[in-house]
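**Q** based on what follows, work out the 3D shape:
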Amino acid sequence: MTTPSQLSIRLKRSQIGHPKKMRLVLRGLGLRKIGQTVSRPDTPQVRGLVNKVRHLVEVSGS
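**A** Reported below is the predicted structural model:
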């Protein structure tokens with residue numbers, strides 16, 4: 001089995017003023033501060049989380 005490629009996810013907008021569920025999704029991805037970048041495996045689960053907050057994050061890689 002091959003290892004999945006990595007996604008680089010950067011928080012570009014504040015989570016202030018957004019619903020608690022969106023803030024929990026960002027926390028689940030490991031994002032806390034604006035400008036912070038995390039690397040996550042390119043899996044359907046991670047892509048689903050990113051899709052929920054696509055207006056707050058910037059994704060590169062795949």
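**Q** check what pLDDT residue 43 gets.
**A** Looking at residue 43, its pLDDT is 94.
**Q** count residues in the vicinity of it, would you?
**A** When counting by other C-beta atoms under 10 Å, one arrives at 12 neighbours for residue 43. All C-beta spots, glycine's among them, are computed from the backbone N, C-alpha and C.
**Q** got it, and the one 10 residues further on?
**A** The tally of other residues near residue 53 (other C-beta under 10 Å) stands at 21.
**Q** from residue 27, how far off is it?
**A** 11 Å (C-beta to C-beta, to the nearest Å).
**Q** ok now stretch 23-43, how far from the chain's centre?
**A** Distance, stretch centre to chain centre, for stretch 23-43: 4 Å (C-alpha atoms, centre = their mean, to the nearest Å).
**Q** using the three-state scheme, assign residue 25.
**A** helix (DSSP: H, G, I helix; E, B strand; the rest coil).
**Q** wait, it touches residue 49, no?
**A** Yes. Applying C-beta atoms under 8 Å, one finds residue 25 in contact with residue 49, separated by 5.3 Å.
**Q** mind saving the C-alpha coords of the helix or strand hosting residue 21 as PDB?
**A** For residue 21, the host element (DSSP states H and E) is helix 20-29. Provided in PDB are the C-alpha atoms of helix 20-29 (Å, rounded to 0.1, in the frame of the first residue of the first chain):
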ATOM      1  CA  LYS A  20     -18.800  26.600  16.500                       C
ATOM      2  CA  LYS A  21     -18.900  23.600  14.200                       C
ATOM      3  CA  MET A  22     -16.500  25.400  11.800                       C
ATOM      4  CA  ARG A  23     -14.200  26.300  14.700                       C
ATOM      5  CA  LEU A  24     -14.100  22.700  15.700                       C
ATOM      6  CA  VAL A  25     -13.300  21.600  12.200                       C
ATOM      7  CA  LEU A  26     -10.300  24.000  12.100                       C
ATOM      8  CA  ARG A  27      -9.200  22.700  15.500                       C
ATOM      9  CA  GLY A  28      -9.500  19.200  14.200                       C
ATOM     10  CA  LEU A  29      -7.200  20.100  11.300                       C
END
